[in-house]
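1. test case, fold it:
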Amino acid sequence: MQNLIKRINDQTDLASLAQSNSEFQEVRDGATSIDKNLKSKIYKNYDEVNNAISQQEQKIEELIQKWKNIVESQTQDIKNILSLEIDKACKQADICSFVIPSSFGESFIKSTCEELNSISLEFLKFNERKSREYQLLLNDIRNFNDKAEVINSKINELNVLTSKIEESINEYRINVDTNNCDSAIAKLIETKNQGLLAQDKDINSTIGNCQVTYNEAEQINNKQKAQTLSGLKKFFFKIVNVFISKKKFDKLLLYDKKTEPEKPTPLELSVDATNSLNSVCKRFGLISKTTANLKEALTPIGQELKNVDSKEIKKIENECCIFGQCKKCCIGEQCSLDSSTYPVVLVHGFSVWAGKPLQESIDALNKFQDRLVDDGFVKVGILLPNANMNEIPKGEWGKGGLPVTVRTTYYINVVNQDGKVYGVIDKNRGIKDYAKTLSEIVDLLKYRTGKDKVNIIAFSMGGLVSRSYIKDGGASNVNKLITIGTPNNGVYDIDGINFACGLLGQNKECVDLNANNDFIKDLKTYDISKSNIKVITVAGKCGTSSKSGYAYDNVVRVESVALPGVTNYVVECKDPSKYSFANNFHGELVVSDLNPQVYNYVKEFLKNG
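-> Modelled structure (predicted):
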């Protein structure tokens, strides 16, 4: 009898997995009843006892097989569900780290439930990030369209004015100096070709220059009319001036308004996966998490709107909404000095190795910026040095009370607003020139966020640009500096980097990078550890150089990255044999999914350093 009871009790977990608790309770009550009757001597003989036990044993064996079949089917179903969710996470959210557990039975189901729960949480983060990106993009587009509408009206005014100048000049083929008007129009056309909005002052100045040209043309024209009294004189006058070519101005095309993006569709677990979490997985304490709600109207940063139905949008005094949440706007001195909300500017390095185009250098910090979004930062995109200061109101990006991140470039007229390379680098500009450009970017970012300082994450040569900026007057504007793979002490001829840089890269940059150059020597005279700036460096180590014998990341020596008096980290690659100068560990330092340790150092320093 005790064997029967033990056999039944051993099936507790199996019955629970099969969601057959009532059947389990019934068969256990039956065994308890037999035991009770046996002790009460109700049975007349052992045959009755054995018969009752045999019937109960047969029943429990039938139920065990039934429950096993249910669990086996359930296991296959949940395995299929997990497989679909893993595929969805990889294809739609670029999260490819989830796997199907290799365990069996209850352990498999529990592990599968944990994976489903983790995927649900990652979907939540993904939806929040997409919501932020959508709102920022929507805000930028609306700002652009509002500005474009004003600019277009002035373009129409300018085009009408140049048509009047053409008519005035061409009537008598008079000779008028139009250089000021022509050059101003050419500048506006160049600005538009770069994908940038013309500034009010530039287009107003152009209209003013062309108005002066028109006035001069009209004065000369009126004199010619007064002198040309008869049709015969007028005819001979035109014959004389026929060799003066007709004037034709370049006309500015109107800015096309940008189309507002569609609201992102939230990425969610399937109904089957959610049901599994809320039923099968519930016994493990794993319940489906609510995904980000993107169905409500999303409010752009800086606009004082409630997150309600679009038909019932209301203005709220001194309240700002970001990511669907409204609170008191972050403004004033207290907000400006809040170091937890200082903006982050990401400064790229320079690609000098074969087969690595400039675009890859510009894009190197994209994934870093995306990862920061998951940790509470706001992704603004890319901020160019020639951006209009007044395009975004002062402090607008800081009103939401969250730190923003921007990528930037120190190259002038090389990258457009979409972060795409369209121009050629000026080989005569060096790192000190780039530092001046970075100064303009920092000033612009401080203006748009309303903050008194910024944090800088700089990769490779971008760290030298940042240090040069700090040394030459920018120290009071920087709160924290993080350099990753930066040759802070220069690069060396023996490693072959200078040769490759001169061959493939920009001449002036390469001169500045050399460890024996005056630029590096001058930079070393400034001890950043004695400033108020908090600094860390991160170096990569992936074997040793066959030429110099020094440890390096295939491009920069480890010892060249470290700065005196600050915290210096070193991250090692797993297999140096897989890397070379062309396929180097240096570039992977800022690929957050390949080197999470680097990102963790950066995140921890930004939040708690």
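
2. could you break this structure into its assigned domains?
-> For the chain, automatic domain parsing gives the domain ranges 2-93, 147-243, 330-608.

3. distance between the last one and the chain's centre?
-> Using Cα atoms, centre = their mean, to the nearest Å, the mean C-alpha position of domain 330-608 is found 16 Å from that of the whole chain.

4. ok, which of the domains of the chain comes nearest Leu253?
-> Shortest separation from Leu253 across the domains of the chain is recorded for domain 147-243, at 7.3 Å, computed as Cβ to Cβ. C-beta coordinates here come from the backbone N, C-alpha and C atoms, glycine included.

5. quick check: the spatially closest residue to Ser531 that is not a sequence neighbour vs Ile441, distance?
-> In space, Ser531 comes closest to Ala475 once its chain neighbours are excluded; the distance is 5.2 Å by Cβ to Cβ, 6 or more residues apart in numbering. Taking Cβ to Cβ, to the nearest Å as the criterion, Ala475 is separated from Ile441 by 16 Å.

6. who's more crowded, the two?
-> In this comparison of Ala475 against Ile441, neighbours counted by other Cβ atoms under 10 Å, the higher total goes to Ile441 at 22 against 15.

7. buried residues, the helix or strand containing the more buried one. List them.
-> The secondary structure element spanning Ile441 is helix 431-449 (assigned by DSSP states H and E). Going by neighbour count (16 or more other Cβ atoms under 10 Å), the buried part of helix 431-449 is 431-442, 444-449.

8. any weak-confidence spans in the stretch 351-500 of the chain?
-> Filtered on pLDDT under 70, the stretch 351-500 of the chain yields the residue ranges 351-357, 495-500.

9. rewinding a little: and the domains of the chain, which is most packed in?
-> With neighbours taken as mean count of other Cβ atoms under 10 Å, the domains of the chain reach their highest mean count in domain 330-608, at a mean of 19.

10. endpoints of that domain, how far apart?
-> Taking Cα to Cα, to the nearest Å, the span from the opening residue of domain 330-608 to its closing residue is 21 Å.

11. helix or strand next in line after the helix holding Ile441, which one?
-> Taking DSSP H and E as the definition, the helix or strand that follows helix 431-449 towards the C-terminus is strand 454-459.

12. following that following strand, which helix or strand shows up next?
-> Beyond strand 454-459 on the C-terminal side, the first helix or strand identified by DSSP H and E is helix 461-469.

13. how about Asp511, nearest residue that isn't a chain neighbour?
-> Just so we're on the same page, residue 511 is Val rather than Asp. Computed as Cβ to Cβ, 6+ apart, the closest residue to Val511 that is not its neighbour in sequence is Asn517, at 5.9 Å.

14. tell me how far that neighbour lies from Thr483.
-> According to Cβ to Cβ, Asn517 stands 18 Å off from Thr483.

15. quick one: the strands in this protein?
-> Secondary structure of the chain, counting by DSSP state E: strands at 319-322, 325-328, 344-347, 378-383, 404-408, 454-459, 478-484, 534-541, 567-572.

16. the fourth one vs helix 431-449, what angle?
-> What separates the directions of strand 378-383 and helix 431-449 is an angle of 140 degrees, with axes from the mean of the first three to the mean of the last three Cα atoms, to 10 degrees.

17. what helices or strands is strand 378-383 leaning on?
-> With contacts defined as 3 or more Cβ pairs under 8 Å, 6 or more residues apart in numbering; DSSP states H and E, the packing partners of strand 378-383 are helix 105-172, helix 366-374, strand 404-408, helix 431-449.

18. in contact with Ser276, which residues?
-> With contacts taken as Cβ atoms under 8 Å, 6 or more residues apart in numbering, Ser276 has the following neighbours: Asp77, Ile78, Ile81, Cys113, Leu116.

19. ok so, going back, ok, which of the helices and strands packed on strand 378-383 comes nearest Cys210?
-> Proximity to Cys210 (Cβ to Cβ) singles out helix 105-172 among the helices and strands packed on strand 378-383, at 5.2 Å.

20. just checking, what packs against the closest one?
-> So helix 105-172, by 3+ Cβ pairs under 8 Å, 6+ apart, packs with helix 12-17, helix 46-93, helix 179-193, helix 200-227, helix 271-278, helix 366-374, strand 378-383.

21. now with 6 Å?
-> Using 3 or more Cβ pairs under 6 Å, 6 or more residues apart in numbering; DSSP states H and E as the contact criterion, the neighbours of helix 105-172 among helices and strands are helix 46-93, helix 200-227.

22. looking at it now, give me its mean pLDDT.
-> Averaged across helix 105-172, pLDDT comes to 84.

23. out of the domains of the chain, nearest to Lys125?
-> domain 330-608 (5.2 Å).

24. look up how far Leu445 lies from Pro101.
-> Spatial separation of Pro101 from Leu445 under the definition Cβ to Cβ is 46 Å.

25. what does Cys542 give?
-> In this structure, Cys542 lies at 34 Å from Leu445, with Cβ to Cβ as the measure.

26. report the contact partners of Glu166.
-> By Cβ atoms under 6 Å, 6 or more residues apart in numbering, the contact set of Glu166 is Lys247.

27. for the domains of the chain, which one sits closest to Lys258?
-> domain 147-243 (8.0 Å).

28. return the distance of that closest one from the chain's centre.
-> With Cα atoms, centre = their mean as the basis, domain 147-243 stands 45 Å off its chain's centre.

29. for the spatially closest residue to Gln199 that is not a sequence neighbour, phi and psi?
-> If you skip the residues right next to it in sequence, Gln199 has Asn388 as its closest partner in space, 5.2 Å away by Cβ to Cβ, 6+ apart. Per-residue torsions, Asn388: phi -80, psi 120 (degrees, to the nearest 10).

30. check the gap between Asn388 and Leu161 for me.
-> 23 Å.

31. equivalent analysis for Ser107, please.
-> Per Cβ to Cβ, Ser107 is found 80 Å from Leu161.

32. before we move on, what about Ile331?
-> 41 Å.

33. quick one: pLDDT of Leu286?
-> Listed pLDDT for Leu286 reads 46.

34. and for Lys314?
-> Here the pLDDT value assigned to Lys314 is 33.

35. the one 4 residues further on too?
-> At Asn318 the predicted local distance difference test score is 55.

36. hmm, back to that, the domains of the chain: which one's closest to Pro264?
-> That would be, of these and by Cβ to Cβ, domain 2-93, which comes in at 11.1 Å.

37. what mean pLDDT does the closest one have?
-> On average, the pLDDT along domain 2-93 is 80.

38. and Val555, its phi and psi?
-> With angles defined as degrees, to the nearest 10, Val555 shows backbone torsions of phi -140, psi -50.

39. in stretch 131-144, what's buried?
-> So for stretch 131-144, counting by 16+ other Cβ under 10 Å, buried means 131-141, 143-144.
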